[in-house]
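Q: Structure for the following, please:
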Amino acid sequence: MGPGAGLREVDAVYMGEFTPRLDEKGRLILPAKYRGRFVDGVYLVKGQEHCVEIRDPASFEAKAAEVNAHGATHAVARAYQRTFFSSAYDETPDRQGRVTVPPPLREYAGLERDVVVVGVGDRLEMWHPTAWAEYQQRSEDEYAGLDGEVVPAAP
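A: Numbering: from 1, shown residues only. This is a model prediction of the structure:
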């Protein structure tokens, strides 16, 4: 069985908020709770709102298939494909669970030493602390006023 095999469905969901620091070499220590999911590698890619997505191999493969499913005949889909794949880096965590966050991704997200890592279901996201606080401030009142019908039903 591979990493994550035998996990309950809720265990397979990334959740929570963590506040690690990047070291002087730009390395992130992955949250201990989820390190086992990254033994086969980790994918770092530009995310929306200037964060960095952290995906395990299965999550990255699923997202890549979703991105490619839109084909290259639509300009918006092509632009998304180009940015998504050209910004993706595959890394292998070291024995301490550290991965190097490449300089272009650190620059994109404005990451320096302090970062916030949040669980977002199928992935983790890494944010600059100020950007995360501002995002939360903008979105929490809206979230509080939403009902359960906001999330579209699965096809």
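Q: where do the strands sit along the chain?
A: 17-18, 27-29, 42-46, 52-55, 89-91, 98-100, 116-119, 124-127 (DSSP state E).
Q: And the longest helix seen in the chain, how far out from the chain middle?
A: Taking DSSP state H as the criterion, the chain has its longest helix at helix 129-144. Chain-centre distance of helix 129-144: 17 Å, with CA atoms, centre = their mean, to the nearest Å.
Q: got a list of contacts for it?
A: Residues from elsewhere that reach helix 129-144 (CB atoms under 8 Å, 6 or more residues apart in numbering): 19, 49-51, 109-110, 114-116, 118, 127. For every residue, glycine as well, the C-beta is placed using N, CA and C.
Q: Surely residue 13 touches residue 120?
A: No. Counting by CB atoms under 8 Å, residue 13 stays clear of residue 120, with 9.2 Å between them.
Q: Stretch 99-107: end-to-end distance?
A: Using CA to CA, to the nearest Å, the end-to-end distance of stretch 99-107 comes out at 16 Å.
Q: Over to stretch 37-51?
A: First-to-last residue span, stretch 37-51, CA to CA: 21 Å.
Q: Can you give me the distance of the residue lying closest to residue 105 once chain neighbours are set aside to residue 58?
A: The shortest distance from residue 105 to any non-neighbouring residue, by CB to CB, 6 or more residues apart in numbering, is to residue 52 (4.9 Å). For residue 52, the distance to residue 58 equals 19 Å [CB to CB, to the nearest Å].
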